Structures are given as structure tokens and as C-alpha cells.
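Engineer: Return atomic coordinates for the entry below.
(2 chains)
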Amino acid sequence: MSSAWEGFELFKQGAEGRVYKGTYLGRPTIVKERFKKFYRHPDLDEHLTKERMKAEARAIARSKTAGVRTPCLYLVDFESRRIFMEEIQGSITVKKFINDTLSDCSEEDSFRTILPVATEIGSIVGRLHASNIIHGDLTTSNMLYSLSTEGQISITLIDFGLSHVENSAEDKGVDLYVLERALLSTHSNAEKLFPLILQSYKKVNVKDSKLVLDKFEEVRARGRKRTMVG
Amino acid sequence: MVIAIGFEGSANKLGIGIVKDGEVLSNCRRTYITPPGEGFLPRETAQHHREKALIILQEALDEAKVKPQDIDVVCYTKGPGMGAPLVSTSVVALTVAQLWNKPVIGVNHCIGHIEMGRLITGADNPTVLYVSGGNTQVIAYSRRRYRIFGETIDIAVGNCLDRFARVLKLSNDPSPGYNIEQMAKNGKKLLKMPYVVKGMDVSFSGILSFMEERAESLLDLGEYTAEDLCFSLQETIFAMLVETTERAMAHCESSEVLIVGGVGCNLRLQEMMGIMCKERNAKLFATDDRFCIDNGAMIAHAGLEMFSHGWKTLWEETTCTQRYRTDEVEVTWRGE
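Structural biologist: Numbers count the residues shown, from 1 in each chain, chains lettered A, B, ... in the order given. Predicted structure coming up:
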């Protein structure tokens, strides 16, 4: 193990753990280390960490079958709490992409630039849900934007720690609700962005989009109508 | 120099406080306490507020050594909260405003908590965890709004604690949450229960049902003590709160956390949040029960900030509302 771990450098501390960059078996690699969180009870920490590593590994593989781009898995090591996976080279988070575009371009230009990305996000989430994969933490920080050699836009989905496989419209609705909320709080143009995402979502997830969107409206109403007593 | 008086009565606390440009001159409060096993109902709570309002008002003026004519603006909680207690308190505020001939400002309760927390701790631009009997939100400031990144999708964390205290028939004095906290200190055995995090959102209703269904039989079988159950509940739901706060911090690239709201004075929650912050080189800001729990000074302070930046609530608009989201208010008193 130690030999595989040599030369890796801390890249950032994410929400779930530390992220390192390096080379594994000659390939550019990202390592996500879910270090022990001492704020929570050791039994709870152990349980959650195992569950999430399993969820992540499973969903990454399953999503590929569903036609959604995810990093290739190289190694899952429960002992050291590390997952080794492909580094998506030349990528930035969709969050950064959208915010950079908004600050660099006029409103009209930025809309034109972001439109295909929004469409792609909708179609990715649609494909996931059509295969009953619930991501659990859909935010623009968890989507990577890159361009293929032919100049095609490519979105890679990451951070599947909260994912699970579930056929219920409720869970899919909540998944969309989480995405909407993340957009609204992060991006100033979210009001325009989200309908575009839903539009392409509907096209891809033909099977149960009607049911899911009804549930989504329901979940949304629950949040908005919930009495907020001080 | 501006002096503001604030009236807060959105739940079972009635608070009246006076603030002079960020300095708290007085902050008086009474809590409506119900018998063990019972929660507070709107009508009785409003009655409590009506009975105590004038006594507390006199106390607040005396303690601050301020005369009505020295006051520049009267602030009251517009919402969110329980209808009857909100209205009973606002009536007092509006009446004195008329008698003293002062302008009025209706304040969002959640904004009051956030601004008070920032004032007391000196936190500059924190990710805010707002946890109380009625609210559970992870908030960050951007583009002139306090934006809600995560929140409960059903009941509030404090509501979950309060209702669990009713199952165990714990005293509501000084508060059910405080008594759970004390019991939890002697708990050792962790009961596995649902852990429900959806992105930056959390859910507590499933956990509450789980505990309500099992508590009695677990205690009867002698497998867990009441202390163990309090301990397990706190460990689980607080871990969920710390986790979602951390997720919001990573998403917003923030390195400060501020905890506000009644549940925020729980020392175990503060301890857990502190460890998380240390692990990512962030700084934790928290306050004690004087300012965490609903109080009048926070409404006075937030109202004073608004007043100083040109806000004024028109007489026709001095209403109350049970639903008033944190992100509805445009924050004109802070920069981008």
C-alpha cells in the first residue's frame, strides 16, 4: 500500500474527506481519503464511512452502465479509507464554469455558453434516474466540466457518497429538489438554469419523469409551506 | 447614536431588549413553561405573553436606564413563528410605538438571530447553522441575501428533541433540550438509528418516529437507559448537522461557522462543530443562552441595522406572518 501512496499530494479538503493528486500505475489519479472524523461517535463514523465508500464505488460503476461519465475506479481500500480513481484532466467544476462565464460575458452570451451545459446536466440526471440511481448530493461542485479533443462538452459526475439505488419517485423528486436548491443558493441565474435542466431531464427520463416531477413539486411545496416557528 | 427597542414573541419566549448602536443595554425574557409531557400551544402561549408584556417592558426600560423619549425606533418580530404569540407581542410593540410616536420596523426572526450572532462573536462572513425549535437551516450570505443552502425537509431539530423529551416525560424547565443534554452526559451505549442526510438537507421525522416507537420497550427490556437514548439521539442528529454544515462550507469555500438559535447553546453540539472546524482549519463562533435563545435584543439589533440603512415599515404593513423565509429579506446593510 505504502508504495502506491508515494508521491501523492494534498489537493483540497472536500466535504467528506481529503483529496490527493498523484500517479497510480502510471495514470494520473485522484485519491479521496475519508479520514476519521473525531467529531462523531467512532461506531457511527466507521459505519458511515464504510457505507459511503461502498455507495460511491457501486454508483460509479453503475452510472457508467447508465451512460453517465464518471471517473474510473482504480482501487478501494477500506483499511486506509481511500478510494483511488481517475483524474479528469483539464476539468473544472461546473460551479466555477458557470460563475466564470457569468462574470466574463454579457448576459446574452453567457446564456448561450451555459445552455448546452444545462442541457447536458439534465440529460445526465435523467439517465441516472432512468437507471434508478439516486445521487443524493447533486450540486454544481459535484459536476466536472471538460472539453473532449473534438471540442465536445463533457460533464463528469463525482461524489457519489450519498447515493443509493431506489426506484421511488419520491427519492428522485428529492434528488431534483436538492439540485434546485443548490443552484438557487449558488448561481444568480438559477431561475433560468433550472427549467432548462428539467426540460432535458424529461426528454431522457421518459419512463417516469411525470411521476417524478409531480413528486418534486410536492417536496418543493413541503419545504416552502413548512411552518417555520422560531 | 441610535437606540432601538425590540419585541420578540414568536414562540414560547417573550423577550424585550434595548440596544444602542451594537451595545446591549438590556435583554429581559420570560419563558412559558408547560408541564412534563406537554408542548406549548398557541393560545396559552399568547396569553402568557399578554400577561407578562408590561412587566418585562418596564424591566427592560429600567435596566437600560432609558426613557421612552430616548428610543429612536421600535422593532418587533414579524415572523416566522406561531400566529397567536406573534400577534400578541406585536400589538404591544405597535401600541408603544403609537404612544411614543416612534417609527416601527418588522424584523425577520431568523435574520435577528444571525445579526445578533455576528455582533456578539465578531464573525465576519460565516456559514451559519441556525438550529431551534422551529428552524434548522444552513445559511450563507451571498448577493445581498442570507441564502439557505440546507435545511430540514420536515421537522426542526429542536422540535425532534422537544418531542423526544415528551416521550421520556422530561421536565420542560428550563427547556426540554437542556434536560436531554444533561442526561446525555451520562449515556454510554449508542443505539443505531436512521441517519438521514440528503445533500445539504436533513430530515428528523423518521428518527423521531423510530425513537417514539421503540423507546418504551428498549427501556423496559433494560437494554438501554434513558441516558443512553438521549446520548444516542444527540450523537446522531448533531453529527447530521455538523456534516451538512461542513458540506456547505466546502461548497462555499468558507472558513467560519456561526451557530445560532436555541439548540445552538448545546455544548455537545458546539464541541462537535469545534472539532470539525479544527480538522479543516476553520473557526467556530457560538454564543451562550442569553443570545442563542430567542430574545428581544436580537430583534432590536437587526431592526437598528435596517433602520440605519433607511428601512421603515409602513403602518399598513405592520402585520405578522407565520411563514417568512430567511432569504426573502434583501440585506441592504451588508456589502456584496
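
Engineer: what's in contact with the helix or strand in which A:Ala59 is found?
Structural biologist: If you go by DSSP states H and E, A:Ala59 is part of helix A:42-65. With contact meaning Cβ atoms under 8 Å, 6 or more residues apart in numbering or on different chains, helix A:42-65 is reached by A:16, A:32, A:34, A:36-37, A:40, A:70-71, A:73, A:76, A:78, A:81, A:83, A:85, A:128, A:131, A:133, A:135, A:157, A:159-165, B:190, B:192, B:195, B:235-236, B:239. Heads up, the C-betas are built off the backbone N, CA and C, glycines and all.

Engineer: Now restrict the residues you listed to buried residues only.
Structural biologist: For the contacts of helix A:42-65, a burial check counting by 16 or more other Cβ atoms under 10 Å in any protein chain shown picks out A:16, A:32, A:34, A:37, A:40, A:70-71, A:73, A:81, A:83, A:85, A:128, A:131, A:133, A:135, A:157, A:159-163, B:190, B:195, B:235-236, B:239.

Engineer: how about the strands in the stretch 101-250 of chain B?
Structural biologist: For the stretch 101-250 of chain B, strands defined by DSSP state E, counting those that start in this stretch occupy the ranges B:104-108, B:127-131, B:136-142, B:145-151, B:197-198, B:201-202.

Engineer: meant to ask about chain A
Structural biologist: A:9-13, A:18-24, A:27-33, A:73-77, A:82-86, A:92-93, A:133-134, A:143-147, A:153-157, A:164-165 (DSSP state E).

Engineer: Burial-wise, tell me which of these comes out on top.
Structural biologist: strand A:133-134 (a mean of 25; mean count of other Cβ atoms under 10 Å in any protein chain shown).

Engineer: And that one, how far out from the chain middle?
Structural biologist: Computed by Cα atoms, centre = their mean, to the nearest Å, the chain-centroid distance of strand A:133-134 equals 11 Å.

Engineer: same question, stretch A:109-116
Structural biologist: Centroid separation for stretch A:109-116 versus its chain: 21 Å, with Cα atoms, centre = their mean.

Engineer: in it, what's buried?
Structural biologist: Buried residues in stretch A:109-116, counted by 16+ other Cβ under 10 Å: A:Ser110, A:Phe111, A:Thr113, A:Ile114.

Engineer: The residues you listed: which two are farthest apart?
Structural biologist: The most widely separated members of the buried residues of stretch A:109-116 are A:Phe111 and A:Thr113, with 7.3 Å between them, by Cβ to Cβ.

Engineer: picking that back up, tabulate the strands of chain A (TSV), appending mean pLDDT and distance to chain B.
Structural biologist: As requested, the strands of chain A are exported to TSV (pLDDT from 0 to 100; distance: least, Cβ to the nearest Cβ, whole Å):
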stretch	mean pLDDT	distance to chain B
strand A:9-13	92	5
strand A:18-24	95	9
strand A:27-33	96	12
strand A:73-77	96	21
strand A:82-86	97	17
strand A:92-93	96	10
strand A:133-134	97	9
strand A:143-147	96	12
strand A:153-157	96	14
strand A:164-165	95	11
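
Engineer: Now for B:Cys230, how many residues are close by?
Structural biologist: Using other Cβ atoms under 10 Å in any protein chain shown, B:Cys230 has 24 neighbouring residues.

Engineer: Contacts only, for it.
Structural biologist: B:Phe164, B:Leu168, B:Ile180, B:Glu181, B:Met183, B:Ala184, B:Gly187 are the contacts of B:Cys230 under Cβ under 8 Å, 6+ apart.

Engineer: residues in contact with stretch A:157-166?
Structural biologist: If you take Cβ under 8 Å, 6+ apart as the criterion, stretch A:157-166 is touched by A:14-16, A:34, A:52-53, A:55-56, A:58-60, A:62-63, A:68-71, A:124, A:128, A:132-137, A:141-144, A:171-172, B:197-199.

Engineer: between the strands of the stretch 101-250 of chain B, which gets nearest to chain A?
Structural biologist: Chain A sits nearest to strand B:145-151 of all the strands of the stretch 101-250 of chain B, at 4.2 Å, using Cβ to the nearest Cβ.

Engineer: CA atoms only for stretch B:204-224 - export them in CSV, please.
Structural biologist: C-alpha atoms of stretch B:204-224 as CSV (Å, rounded to 0.1, in the frame of the first residue of the first chain):
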residue,chain,number,x,y,z
PHE,B,204,-35.6,14.3,11.5
SER,B,205,-39.2,13.0,11.4
GLY,B,206,-38.1,9.4,10.7
ILE,B,207,-35.7,9.4,13.6
LEU,B,208,-38.4,10.8,15.9
SER,B,209,-40.9,8.1,14.9
PHE,B,210,-38.1,5.5,15.3
MET,B,211,-37.5,6.6,18.9
GLU,B,212,-41.2,7.1,19.7
GLU,B,213,-41.9,3.5,18.6
ARG,B,214,-39.0,1.9,20.4
ALA,B,215,-38.2,4.0,23.5
GLU,B,216,-40.6,2.3,25.9
SER,B,217,-39.7,-1.3,25.0
LEU,B,218,-35.9,-0.6,25.0
LEU,B,219,-36.2,0.9,28.5
ASP,B,220,-38.4,-2.0,29.7
LEU,B,221,-36.0,-4.6,28.4
GLY,B,222,-33.2,-2.8,30.3
GLU,B,223,-31.0,-2.8,27.1
TYR,B,224,-30.7,0.9,27.1
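
Engineer: Any residue of that stretch touching chain A?
Structural biologist: No. Counting by Cβ under 8 Å from any Cβ of the partner chain, chain A has no neighbours in stretch B:204-224; the shortest distance is 10.9 Å.

Engineer: Report the inter-axis angle for the helix or strand hosting B:Lys278 versus strand B:127-131.
Structural biologist: Per DSSP H and E: B:Lys278 is located in helix B:267-279. Put simply, helix B:267-279 runs at 160 degrees to strand B:127-131, going by axes from the mean of the first three to the mean of the last three Cα atoms, to 10 degrees.

Engineer: Next secondary structure after helix B:267-279?
Structural biologist: In the C-terminal direction, the helix or strand that comes right after helix B:267-279 (DSSP H and E) is strand B:283-286.

Engineer: downstream neighbour of that following strand in the secondary structure list?
Structural biologist: Downstream of strand B:283-286, the first helix or strand assigned by DSSP H and E is helix B:289-292.

Engineer: Show me the contact partners of the helix or strand following that next one.
Structural biologist: Under the assignment DSSP H and E, the closest C-terminal helix or strand after helix B:289-292 is helix B:296-308. By Cβ under 8 Å, 6+ apart, the surrounding residues in contact with helix B:296-308 are B:2, B:4-8, B:15-19, B:21-22, B:24, B:26-29, B:60, B:72-73, B:75-77, B:103, B:105, B:107-109, B:111-116, B:119, B:291, B:332-333.

Engineer: Now look at stretch A:182-197 and say if it contacts chain B.
Structural biologist: Yes. Using Cβ under 8 Å from any Cβ, stretch A:182-197 comes into contact with chain B via A:Ala182, A:Leu184, A:Ser185, A:Thr186, A:Ser188.
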